[in-house]
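Student: need a structure here:
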Amino acid sequence: MMLLRVMTLVQRAAVPLLALGLMSLGGNADVTSVGSFEPTNEPRVAAAFESPPDTLRASAEPGTPLLLTLPAELDGNSIDRYSLLRGPALSGVAGRSFAWIPEGTEPGTHEALLRPHAPDMPADTLVLRIDLHS
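Tutor: Reported below is the predicted structural model:
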């Protein structure tokens with residue numbers, strides 16, 4: 001019975017020791033430089049966000065219809081047509097054309113999500129960001 005208790009004690013002690021050993025193997029080898037944690041009066045500004053490659057930008061005026069020809073090619077694939085996954089009210093797609101009548105819409109940035117259809121092309125999403133100016 002005593003041997004069984006000693007074995008259980010050894011097993012219970014071995015698990016935390018093994019975990020500590022594994023954590024110490026990782027170390028801080030991935031850290032290449034140490035940053036400063038000193039307070040500063042300098043403003044910290046994030047880098048400007050650039051639109052991903054599959055994002056188009058456009059601008060429109062309230063009440064004025066917006067008509068856009070969508071790209072005929074994305075990532076080297078020839079696009080047959082687009083379908084509208086989500087968009088503002090009174091928007092639609094026909095073939096490779098996007099139309100929107102921003103009637104009664106608040107100024108700001110609005111998005112339309114489009115799915116390009118092409119043979120042998122994996123599913124993708126094209127984002128159309130429209131700045132509506134007053």
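
Student: pLDDT below threshold where in this protein?
Tutor: Scanning the chain for pLDDT under 70 picks out 1-53.

Student: which residues are contacting the lengthiest strand in the chain?
Tutor: Using DSSP state E to define each element, the chain has its longest strand at strand 108-117. The contact list for strand 108-117, computed with CB atoms under 8 Å, 6 or more residues apart in numbering, reads 70, 74, 77, 79-88, 91, 93, 98, 100, 102, 123-132. Any C-beta I mention is one placed from the backbone N, CA and C, and that applies to glycine too.

Student: Which ones among the residues you listed lie within strands?
Tutor: Reading strands off the contacts of strand 108-117 with DSSP E, I get 74, 77, 81-86, 91, 93, 98, 100, 126-132.

Student: who touches Ser83 in this structure?
Tutor: 93, 114-115, 117 are the contacts of Ser83 under CB under 8 Å, 6+ apart.

Student: go with 6 Å
Tutor: Arg115 (CB atoms under 6 Å, 6 or more residues apart in numbering).

Student: How many neighbouring residues does Thr109 have?
Tutor: Using other CB atoms under 10 Å, Thr109 has 10 other residues around it.

Student: that older thread, partners of the longest strand of the chain in the sheet?
Tutor: The pairing partners recorded for strand 108-117 under DSSP bridges are strand 81-86 (antiparallel), strand 126-132 (antiparallel).

Student: Of all the ones you listed, which one is nearest Thr55?
Tutor: Proximity to Thr55 (CB to CB) singles out strand 126-132 among the strands paired with strand 108-117, at 4.5 Å.

Student: Can I get the buried ones among the ones in strands among the contacts of strand 108-117 as something I can paste into PyMOL?
Tutor: Of those, the buried ones go into a single PyMOL selection, burial set by 16 or more other CB atoms under 10 Å:
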select buried, resi 74+77+82+91+93+98+100+126+128+130+132
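
Student: My guess is Thr55 contacts Leu128. True?
Tutor: No - contact criterion CB atoms under 6 Å: Thr55 and Leu128 do not qualify, at 7.7 Å.
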